[in-house]
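Asks: need coordinates for the following:
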Amino acid sequence: MIPAKIAAGDTLAARIDSPDHPAPTWTATLAIVNASAQQTATSTADGTTHVFSADTSAWAAGDYSYQLSVSDGSDRFTIQTGSIEVTPNFESGAADGRSHVKRTLDIIEAEIERRATGSKESYSLPSGRSLTLTPMPDLLALKSEYERKYRDEQNADRLAQGLGNRNRIRTRRFQATY
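Replies: Numbers count the residues shown, from 1 in each chain. Sure thing, here's the model as predicted:
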């Protein structure tokens, strides 16, 4: 199975069983692409299982699409497609572990804090041009939207770790005794 998430620098290891296209009669190829890169890996055979092992140390963090195909030298079939999220390699020291949603929320909060000191929402420049910043009510609405998205991300992470959803309220029923 191709993993849905992997950290850059980890070895992408996968074992694929395809009864209709067994190794070594068929060779499997895994093509992984995003807007700026393309990676390919060819399987080795372990009995009738296709085995992949790919070094991801040069992969940039981001979302990738993949296509798994098999070929016997004359026929080629795509047997699986999907997506992989490559997360940053924290050991490299250059990674920002925050998600897009968290980074955006932090930027919005910083702008609201900056504006709280009394800065203007519009400026006129000497060249005759003017600059109008996002109105405070719009920033507050964006903040609320990104706070919700961030809570959703946190809940998804908690569920993936088996910790449960923070939005669930648990109650107990008590029998009143008189």
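
Asks: what segments of the chain are helices?
Replies: 100-115, 136-160 (DSSP state H).

Asks: can you verify my assumption that L68 contacts I2?
Replies: Yes: using CB atoms under 8 Å, L68 is in contact with I2, at 6.7 Å. The way it works is simple: take the backbone N, C-alpha and C, and place the C-beta from them, glycine included.

Asks: anything in contact with each of those two?
Replies: When contacts are counted by CB atoms under 8 Å, 6 or more residues apart in numbering, the set common to L68 and I2 consists of 16, 30, 80.

Asks: the second one touches Y64, doesn't it?
Replies: No: using CB under 8 Å, L30 is not in contact with Y64, being 10.9 Å away.

Asks: quick one on the thing from earlier: what's the closest of the helices of the chain to Q39?
Replies: For Q39, the closest of those is helix 100-115, at 22.2 Å, according to CB to CB.

Asks: show me how far that closest one is from its chain's centre.
Replies: Here helix 100-115 is found 20 Å from its chain centre; the criterion is CA atoms, centre = their mean, to the nearest Å.

Asks: name the residues of it that are buried.
Replies: Buried residues in helix 100-115, defined by neighbour count with 16 or more other CB atoms under 10 Å: 101-102, 104-105, 108, 111.
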